[in-house]
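J.: requesting a structural model of the entry that follows:
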Amino acid sequence: MKNHVLRPLFVAILAIALLLTVRSFMVPDDFGVHGENFTFGYHRASNVDEWKVFPISYKGKEYCQECHEDKFEENMASKHKNIECENCHGPALEHPEKPEALTIDMSRELCIRCHALLSYPNDRGALPGIDPADHNPEEQCSECHNPHKPSLEDM
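T.: Numbering: from 1, shown residues only. Model (predicted):
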């Protein structure tokens with residue numbers, strides 16, 4: 001064969017060999033050990049152990065109930081009973097040890113995430129929506145609505 005054909009062939013073979021050598025050092029030994037049953041075989045067994053020691057960010061409503069029984073009871077009697085506290089208050093990762101770590105979002109945008117008026121086919125009115133431009137645009141929702149008891153009659 002001529003040199004103009006062999007040189008690119010050798011470069012390609014060398015590049016593939018280099019790639020496979022680097023891959024053997026970079027890819028962990030336990031990568032793909034469970035075969036096809038884990039997302040196309042891309043699974044690292046030690047990843048399970050790493051996630052077990054990862055601190056849980058969201059603790060759930062029962063965790064909040066221990067110290068905030070009154071707010072928990074209000075919430076459970078309201079239309080927001082299916083919403084976890086941390087959806088609005090943020091993850092309770094270091095709360096109550098570091099109270100400043102738990103931010104209370106009282107912004108209008110937080111409420112509008114769920115309560116923006118959207119037209120759904122066969123809308124059954126399960127989630128009341130507002131047009132943010134028409135419904136008290138200069139005010140925060142929490143000025144009129146208690147998020148733990150959202151209907152105006154409960155204020």
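
J.: hmm, who's touching the lowest-mean-pLDDT helix or strand in the chain?
T.: Across the helices and strands of the chain, mean confidence by mean pLDDT, DSSP states H and E is lowest for helix 46-53: a mean of 80. Residues outside helix 46-53 that contact it (CB atoms under 8 Å, 6 or more residues apart in numbering) are 28, 30. (C-beta placed from N, C-alpha, C; glycine too.)

J.: so what's the gap between the helix or strand following that helix and the chain middle?
T.: Secondary structure here is assigned by DSSP states H and E; on that basis, the next helix or strand after helix 46-53 toward the C-terminus is helix 61-65. Relative to the chain's own centre, helix 61-65 is displaced by 19 Å; criterion: CA atoms, centre = their mean, to the nearest Å.

J.: mean confidence for helix 61-65?
T.: The average of the pLDDT scores along helix 61-65 is 88.

J.: can I get that helix in CSV? Just the C-alpha atoms.
T.: Output in CSV follows, covering the C-alpha atoms of helix 61-65 (Å, rounded to 0.1, in the frame of the first residue of the first chain):
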residue,chain,number,x,y,z
LYS,A,61,-44.6,17.2,56.1
GLU,A,62,-44.3,14.9,59.1
TYR,A,63,-40.9,16.4,59.9
CYS,A,64,-42.4,19.9,60.0
GLN,A,65,-45.3,18.7,62.1
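
J.: longest single helix anywhere in this protein?
T.: When the chain is scanned for its longest helix (criterion: DSSP state H), the result is helix 3-26.

J.: number of residues surrounding Met106?
T.: Other residues within reach of Met106 by the criterion other CB atoms under 10 Å amount to 13.

J.: check which helix or strand it maps to.
T.: With DSSP H and E as the criterion, the answer for Met106 is that it lies in no helix or strand.

J.: contacting residues for it?
T.: Residues touching Met106, when contacts are defined by CB under 8 Å, 6+ apart, comprise 140, 142, 147.

J.: now it: how far from Val5?
T.: Counting by CB to CB, to the nearest Å, the separation of Met106 from Val5 is 71 Å.

J.: what of Asp29?
T.: For Asp29, the distance to Val5 under the criterion CB to CB works out to 39 Å.

J.: what does Val22 give?
T.: Plainly put, Val22 is 27 Å away from Val5 if you go by CB to CB.

J.: do the same with Pro137
T.: Distance from Pro137 to Val5, by CB to CB: 72 Å.
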